[in-house]
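>>> Predicted model, plus sequence, below.
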Amino acid sequence: QVQLVESGGGLVQAGGSLRLSCTGSGRSFITNSMAWFRQPPGKEREFVASISWNGGSTTYTDSAKGRFTISRDNPKNTVYLQMNSLKPEDSAIYYCAADIHNWETPTQISEYDYWGQGTRVTVSS
């Protein structure tokens, strides 16, 4: 059974940091694109960041640029999202995803094949 499992969410004050992790099992994702999406309360799921198979390319939504960093550790089949200078509007359920048909940095939800169950991030003001 293929799974992506996120961890690292929690409650943090505005200006603080969190590091999310997502580990895959059941198959290797080392040749595939990986990404983080989020779904704020009452809103649709949205793209946050994606990373190419070897980590050489990354893409970020505008609100994440300069504050968030996506990275991966292929031997561990794990992708990370380091989030700094967090704002209340970053509060959401964060999901990792894998696109097994791509190795670059896709940004569309429909392109991703596997999803984690999500981890909640709450940023207090």
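Received, thanks. Residues are numbered from 1 along each chain as shown.
>>> CA atoms for contacts and neighbours, from now on please.
Noted.
>>> Tell me the bridge partners for residue 69.
Taking DSSP bridges as the rule, residue 69 bridges to residue 82.
>>> and it, what is it in contact with?
For residue 69, the contact set (Cα atoms under 8 Å, 6 or more residues apart in numbering) comprises 80, 81, 82, 83.
>>> for residue 49, same thing?
With Cα under 8 Å, 6+ apart, residue 49 has these contacts: 35, 36, 37, 58, 59, 60, 61, 64, 70, 107.
>>> ditto for residue 77
23, 24, 25, 28, 29, 30.
>>> before we move on, what about residue 124?
So residue 124 contacts 11, 12, 13, 14, 87, 88 (Cα under 8 Å, 6+ apart).
>>> I'd like the distance between it and residue 9.
When distance is defined by Cα to Cα, to the nearest Å, residue 124 is 13 Å away from residue 9.
>>> Does residue 54 touch residue 29 like I think?
No: applying Cα atoms under 8 Å, one finds residue 54 not in contact with residue 29, separated by 10.5 Å.
>>> that older thread, is it possible to get JSON lines of the contacts of residue 49 that adds secondary structure, distance to residue 1 and neighbour count?
Below are the contacts of residue 49 laid out as JSON lines (DSSP: H, G, I helix; E, B strand; the rest coil; distance: Cα to Cα, whole Å; neighbours: other Cα atoms under 10 Å):
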{"residue": "35", "secondary structure": "strand", "distance to residue 1": "20", "neighbour count": "31"}
{"residue": "36", "secondary structure": "strand", "distance to residue 1": "21", "neighbour count": "26"}
{"residue": "37", "secondary structure": "strand", "distance to residue 1": "22", "neighbour count": "22"}
{"residue": "58", "secondary structure": "strand", "distance to residue 1": "28", "neighbour count": "19"}
{"residue": "59", "secondary structure": "strand", "distance to residue 1": "29", "neighbour count": "20"}
{"residue": "60", "secondary structure": "strand", "distance to residue 1": "30", "neighbour count": "21"}
{"residue": "61", "secondary structure": "coil", "distance to residue 1": "31", "neighbour count": "14"}
{"residue": "64", "secondary structure": "helix", "distance to residue 1": "32", "neighbour count": "18"}
{"residue": "70", "secondary structure": "strand", "distance to residue 1": "25", "neighbour count": "24"}
{"residue": "107", "secondary structure": "coil", "distance to residue 1": "25", "neighbour count": "22"}
